[in-house]
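J.: next input, structure requested:
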Amino acid sequence: MKGLGSVVAVAAIQFLASALAAFLSGAGLWNEIHIYLMVKRSLETYRSNALIRFEFLNPLVYLTYIFFPLAIGLLGMASSIGLLCMREWARKATIFLATVPVSVCVLLVILRPRTLFPPDPGNGAILAFGGGVYLVLLTYLLIVLIPISIWFYKVLTRESIRSQFRSQKTL
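T.: Below is the predicted model of the structure:
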């Protein structure tokens, strides 16, 4: 089975990157829930609205930074296991995952919606940061994702690899 090593390498890299994405977005979701519950408990304990206030972010922020990466991470982990089993759906899902997240990141960097990239506070706060940090992180993510996505696409669309996945479907 020629080319199987490259498929295993794609599956391994995809699983690790997807697990990292799912973990980070899951940790972000857990953090938001934990802070909300702490604030709620504090308000119930002291019966005052003046102590601590929790502000929900725009739903688009949760969708972009938590739920989209979580869904991509879970799909990536499942499809990487499917790649090792030589499933055609996993090959197609990996090609999808090599295209869609990169396209979304490129669109976000180009469009820079104010909801997702708020202006920097500019009040001298050390721990507060605005959309500039998110934009830089997204740009660095693109620098890593684009070559990996091109490599995934080249490996999984080669005729020899495609024929191996098709032959496994009939067995």
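J.: where does the prediction get shaky in the chain?
T.: By pLDDT under 70, the low-scoring segments of the chain are 1-3, 43-44, 46-54, 119-131, 169-171.
J.: show me the residue sitting in the middle of it in space.
T.: In the chain, the centroid-proximal residue (CA atoms, centre = their mean) is Pro69; its distance is 2.7 Å.
J.: and what about that residue, helix, strand or coil?
T.: helix (DSSP: H, G, I helix; E, B strand; the rest coil).
J.: burial count for Leu37?
T.: Other residues lying near Leu37 total 11 when counted by other CB atoms under 10 Å. The C-beta positions use only the backbone N, C-alpha and C, and glycine is treated the same way.
J.: how near is it to Ser167?
T.: Taking CB to CB, to the nearest Å as the measure, Leu37 falls 52 Å from Ser167.
J.: I figured the residue nearest to the centre of the chain hits Leu24, correct?
T.: Yes. Contact status for Pro69 versus Leu24: in contact at 6.9 Å, counting by CB atoms under 8 Å.
J.: okay, how far is it across stretch 56-69, tip to tip?
T.: 19 Å (CA to CA, to the nearest Å).
J.: now for the longest helix seen in the chain, which elements pack on it?
T.: Taking DSSP state H as the criterion, the chain has its longest helix at helix 4-46. Counting contacts by 3 or more CB pairs under 8 Å, 6 or more residues apart in numbering; DSSP states H and E, helix 4-46 is packed against helix 68-84, helix 88-111, helix 131-156, helix 159-170.
J.: what angle sits between that helix and helix 88-111?
T.: On the basis of axes from the mean of the first three to the mean of the last three CA atoms, to 10 degrees, helix 4-46 is oriented at 60 degrees to helix 88-111.
J.: contacts for the helix or strand just after helix 4-46?
T.: Downstream of helix 4-46, the next assigned helix or strand under DSSP states H and E is helix 59-62. The contact list for helix 59-62, computed with CB atoms under 8 Å, 6 or more residues apart in numbering, reads Glu32, Pro113, Thr115, Leu116.
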